[in-house]
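**Q** fold the following and give me the result.
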Amino acid sequence: MKEKEQVNSSKGHGRTLVMKFGGTSVGSSSAIRQAAQIVHAEQPHWQNLVVVVSAMSGVTDSLIACARESVTGSEQTCQEMIADLQYNHGMVLNDLLLGSADRNVAQQEIKELFAMLRSLCSGIHIMGELTPRGLDAVASLGERINARLFSAVLEQEGISSQEVDATDLIVTDDGFQHACPLMGETRSRTLEVMQPLLEQHRVAVVTGFIGATQDGVITTLGRGGSDYTAAILGDCLNADAVWTWTDVDGVMTADPRIVPDARVIPFLSYNEVSEMAYFGAKVLHPKTIRPVVERGIPLWVKNTFNPSHPGTCINGNAPSHDGRITAITAIRGLSLITVEGRGMIGVPGIAARTFSAVARHDASVLMISQSSSEQSICFVIPSEVEKEVVHAIEDEMALELTRHDIDRVWAQPNVVIVTAIGSGMRNTPGVSARLFGALGKENINVIAIAQGSSEYSISVVVDVTDADQAVQQIHQEVIINGSSK
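**A** Residues are numbered from 1 along each chain as shown. Presented below is the predicted three-dimensional model:
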């Protein structure tokens, strides 16, 4: 009965709903039309409706490519890339907007944004340098263009709407490309801008992914940041629910591209989905959960192209899975760094100095494992910073390497972290045995292991050549076969 009530709660009849449409959900004229129909269907059920839109799929990558071409290539090539982008948006606009007035207004606004893109890229070319600040200014334009287009489509469908740049709502620090919101100021600004629109029963169409510093300089929240935008607005508006629309039926037990028989997980706890987002699941931005957890707001993941499917409900009251593994994730493009030596035993500060050296390169450490004998420390980082990190540790430990207290610092590239996620695993006997038994059946070598004090995940490092098979085997033996027992 409880699960049925939770499913029905996604139908609406509440006060405030924030919906986010990802890139594939607004990636073509047919997808935008489908998303607009969803908004049209949901509007009568909610007193306030806010829509967050991403750039059209592939556009952010194209914008970043334009900015980089401005530095390393020819300005003419960059301008041709921009012309292609503008043409593609124009085709979508003409396909969707039949009314001449709506089309002309949107066309003019989008034309001005492309003029801004040309100006930014010309400036980057003249300077011969692409700064994080400049990259954010360029990358923000995909959402700004699409919000205007989507709002115009809603207006054409008879829905009173207004595009809103998140730069007027979300105040951030100056951590360009991965800015953090200043929630006090963001809440105040959001209420000031949004309340008049909502009181007029207008649907606010907000640009995802972006914000601005206190001085008004554009920032971005990190790739996939439109999820984060929706959660931030849900927090600020004290929303009854946040729905994120994507191209799958909900959060899956594994990546369906790797595991064809992956299943939708009907209910997840905040903690479980936080682990999934951190360890490589593509459904949600890793930071998304924080604002909704603090407010206790249910978060639903739904399929734009199958809106009748209930999707996945994520909240603090999800049913316990009794120690069962609920999902398998994988993070690729990683390297395993090992610091080893018999002289490390009992020497204080080795780990601290190692990770201080890593931090100086702003490298994200995704997993750590240390032998109980203290003869080695290994950790996993993104491969693109592998060489810099190894050199930094060697510089830091130059004396210990000379004295042979540390024998070597070395990297093993092309590794993947495979993580099994579920609630209550720490207190359930046999979970690890089933996981390693599944890997052992296929002779998959485990390079490193980590299970923290958290009861929500077990991670193993495997070679990239074994990764897909590891995910498939754990999913079959532990999730599919395990659930039938």
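
**Q** list the buried residues of stretch 353-366.
**A** By neighbour count on 16 or more other C-beta atoms under 10 Å, the buried set for stretch 353-366 is 354, 355, 357, 358, 363, 366. Glycine gets a C-beta too; all of them are placed from N, C-alpha and C.

**Q** now do stretch 19-30
**A** For stretch 19-30, burial by neighbour count (16+ other C-beta under 10 Å) applies to 19, 20, 21, 22, 23, 24, 25, 26, 27, 28, 29.

**Q** quick revisit: and the furthest pair within the buried residues of stretch 353-366?
**A** 357 and 366 (16.7 Å; C-beta to C-beta).

**Q** before we move on, the earlier item: so which of the buried residues of stretch 19-30 sit within strands?
**A** Judged by DSSP state E, the subset of the buried residues of stretch 19-30 located in strands is 19, 20, 21.

**Q** residue 417 against residue 461, yeah?
**A** Yes - Residue 417 is within contact range of residue 461, at 5.8 Å (criterion: C-beta atoms under 8 Å).

**Q** ok, now how distant is residue 397 from residue 144?
**A** Separation of residue 397 from residue 144 (C-beta to C-beta, to the nearest Å): 47 Å.

**Q** actually residue 399, not the one I typed
**A** For residue 399 relative to residue 144 (C-beta to C-beta), the value is 53 Å.

**Q** now residue 30
**A** Noted for residue 30: a distance of 22 Å to residue 144, by C-beta to C-beta.

**Q** cool, residue 462 as well?
**A** Computed as C-beta to C-beta, the residue 462 to residue 144 distance reads 41 Å.

**Q** just residue 178 next, same as before
**A** With C-beta to C-beta as the criterion, residue 178 and residue 144 are 19 Å apart.

**Q** phi and psi next, for residue 204.
**A** phi -80, psi 120 (degrees, to the nearest 10).

**Q** let me know how buried it is, in neighbour terms.
**A** 23 (other C-beta atoms under 10 Å).

**Q** contact partners for it?
**A** Under the criterion of C-beta atoms under 8 Å, 6 or more residues apart in numbering, the contact list for residue 204 reads 49, 50, 51, 161, 162, 164, 194, 197, 198.

**Q** pick the one among the residues you listed closest to residue 471.
**A** Of all the contacts of residue 204, residue 51 has the smallest distance to residue 471: 34.1 Å, by C-beta to C-beta.

**Q** ok so the closest one is a strand residue?
**A** Yes - under DSSP: H, G, I helix; E, B strand; the rest coil, residue 51 falls within a strand.

**Q** joint contacts of residue 417 and residue 461?
**A** Jointly contacting residue 417 and residue 461 under the rule C-beta under 8 Å, 6+ apart are 334, 367, 380.

**Q** ok, back up a step: so between residue 399 and residue 144, which is more surrounded?
**A** Using other C-beta under 10 Å, the more surrounded residue of residue 399 and residue 144 is residue 144, with 23 against 9.

**Q** quick revisit: nearest to residue 292 among the ones in strands among the buried residues of stretch 19-30?
**A** Residue 292 has its nearest neighbour among these in residue 20, at 11.9 Å by C-beta to C-beta.
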